[in-house]
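Undergrad: for reference, the sequence and a predicted model appear below.
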Amino acid sequence: MSTQLPPTLAGATEALWRSYSKATAPMLKVIDMYLAYLLFSGITQFVYVLVAGNYPFNAFLAGFGHAVASFVLGVSLRMQSNPANKDLIPDWNPQRGFAHFLVGTVLLQFIAFHFLG
C-alpha cells in the first residue's frame, strides 16, 4: 500500500476540497451551503448574546432554536437525498425526504413565531 499523505495542512485541505468538488452531487452542495449558513447564523446569534446581553431572552431562544432545529432538518434532508445512502435507508426516496423537510420546516416556523411572543 503506497498512499501518499499530504505533508501540510494546506495540502490536506486542497485534497479534501478536490475530492468534495469532484465526488459530491450539485444538489448536495446546495444543501451543504444551506447548512453552513445555518451554522454561521447560530454562531452569530450566540456570540451576539454573549457580547450584548440577552434582554429579549425569548427572542434569542426562538432564533437560536430555529437555527439549530433547521440545521437538524437540513442534515436529515441531506442524508435522505444522498444516493450513497440507498442501501442504508429502506424505501429510499429523496422526494419523501424533501416532503419531510418541508413539513418540519413549516411546523418549525409556526413554533418559532409563537415563541417570539
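TA: Received, thanks. Residues are numbered from 1 along each chain as shown.
Undergrad: identify the residues contacting the residue nearest the centre of the chain.
TA: With distances taken as CA atoms, centre = their mean, the chain has Leu35 as the residue nearest its mean C-alpha position (2.7 Å). In this structure, Leu35 makes contact with 71, 74-75, 78, judged by CB atoms under 8 Å, 6 or more residues apart in numbering. Any C-beta I mention is one placed from the backbone N, CA and C, and that applies to glycine too.
Undergrad: tell me the buried residues in stretch 22-38?
TA: Of the residues in stretch 22-38, 28, 31, 35, 38 count as buried by neighbour count, 16 or more other CB atoms under 10 Å.
Undergrad: using PDB, write out every CA atom in that stretch.
TA: Extracted in PDB, the C-alpha atoms of stretch 22-38 (Å, rounded to 0.1, in the frame of the first residue of the first chain):
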ATOM      1  CA  LYS A  22     -15.500  16.000  -7.800                       C
ATOM      2  CA  ALA A  23     -17.500  13.400  -5.900                       C
ATOM      3  CA  THR A  24     -20.400  15.400  -4.400                       C
ATOM      4  CA  ALA A  25     -23.500  16.000  -6.400                       C
ATOM      5  CA  PRO A  26     -24.600  19.600  -7.000                       C
ATOM      6  CA  MET A  27     -27.800  19.200  -5.100                       C
ATOM      7  CA  LEU A  28     -25.900  18.000  -2.000                       C
ATOM      8  CA  LYS A  29     -23.600  21.000  -2.400                       C
ATOM      9  CA  VAL A  30     -26.600  23.400  -2.200                       C
ATOM     10  CA  ILE A  31     -27.800  21.600   0.900                       C
ATOM     11  CA  ASP A  32     -24.300  21.900   2.400                       C
ATOM     12  CA  MET A  33     -24.300  25.700   1.700                       C
ATOM     13  CA  TYR A  34     -27.600  25.900   3.500                       C
ATOM     14  CA  LEU A  35     -26.200  24.000   6.400                       C
ATOM     15  CA  ALA A  36     -23.100  26.300   6.500                       C
ATOM     16  CA  TYR A  37     -25.500  29.400   6.500                       C
ATOM     17  CA  LEU A  38     -27.400  27.900   9.400                       C
END
